[in-house]
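Student: got a predicted model here, sequence first, then my questions.
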Amino acid sequence: METSLMMKNIAFLLLLFSLCNPGNAGYCSISDLAVTQTAVPSKANVYAVTVENRCICTQANVKLACSGFSSSVAIDPAGVLSVDGDGKLCTLNGGRPIGMGPEYAVKFSYASPSGQFGFKPVSSSIACS
């Protein structure tokens with residue numbers, strides 16, 4: 001009986017190791033970053049954006065396509081979203097890692113009289129630990 005319990009524990013540890021192994025980065029991709037936008041009802045032309053990582057691995061140095069993006073209100077001085085020097089890409093969360101799930105989602109708001117802007121994830125560094 002004790003041997004059976006020990007085998008189950010070993011199997012569980014192997015499964016856990018395989019999920020957290022750096023080689024799992026192949027299971028994650030940029031498509032695991034979900035971008036949702038909603039209009040803020042109380043403010044005209046203001047949109048709330050949430051970027052959620054739906055992969056078990058963290059994603060850092062996230063770049064979003066944002067060519068031509070501008071906001072008539074400040075996004076966030078802490079670097080939640082910053083336009084890169086080329087004006088074509090934006091860095092999300094100051095390049096810091098984004099964990100899995102809604103509790104680690106990166107959120108920001110912007111104002112644009114021309115409507116919602118299409119933020120599309122284009123690259124990230126994936127790391128499992």
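Tutor: Structure's in. What do you need?

Student: now the strands for this structure?
Tutor: Ranges of strands in the chain, per DSSP state E, are 33-39, 46-53, 58-65, 81-83, 89-92, 106-111, 120-127.

Student: of all those, which one is nearest Ala74?
Tutor: Among these, strand 106-111 comes nearest to Ala74, with 9.2 Å by Cβ to Cβ. Heads up, the C-betas are built off the backbone N, CA and C, glycines and all.

Student: not counting the closest one itself, show me its contacts.
Tutor: Strand 106-111 is contacted from outside by 40, 43, 45-51, 69, 71-73, 75-76, 80-81, 92-93, 98, 117, using Cβ atoms under 8 Å, 6 or more residues apart in numbering.

Student: strand partners (parallel or antiparallel) of that strand?
Tutor: Applying DSSP bridges to the sheet, strand 106-111 is found paired with strand 46-53 (antiparallel).

Student: wait, which of the strands of the chain is closest to Tyr27?
Tutor: For those, the distance to Tyr27 is smallest for strand 120-127, at 9.0 Å, taking Cβ to Cβ.

Student: give the residue spans of this structure that score low on pLDDT.
Tutor: By pLDDT under 70, the weakly predicted segments of the chain are 1-26, 76-78, 129.

Student: please pick the buried ones from the contacts of strand 106-111.
Tutor: With neighbours counted by 16 or more other Cβ atoms under 10 Å, those contain buried members at 46-47, 49, 51, 69, 71, 75, 80-81, 92-93, 98, 117.

Student: now for those residues: which two are most distant?
Tutor: With distances taken as Cβ to Cβ, the most widely separated pair in the buried ones among the contacts of strand 106-111 is Val46 and Ile98, at 23.2 Å.

Student: check contacts around Ser124.
Tutor: Counting by Cβ under 8 Å, 6+ apart, Ser124 makes contact with Ile30, Leu33, Gln59, Ala60, Asn61, Val62, Lys63.

Student: OK, contacts around the residue nearest to it when sequence neighbours are not counted?
Tutor: In space, Ser124 comes closest to Gln59 once its chain neighbours are excluded; the distance is 4.1 Å by Cβ to Cβ, 6 or more residues apart in numbering. When contacts are counted by Cβ under 8 Å, 6+ apart, Gln59 touches Cys28, Ile30, Asp32, Leu33, Asn53, Pro97, Ile98, Ser124, Ser125, Ile126, Ala127.
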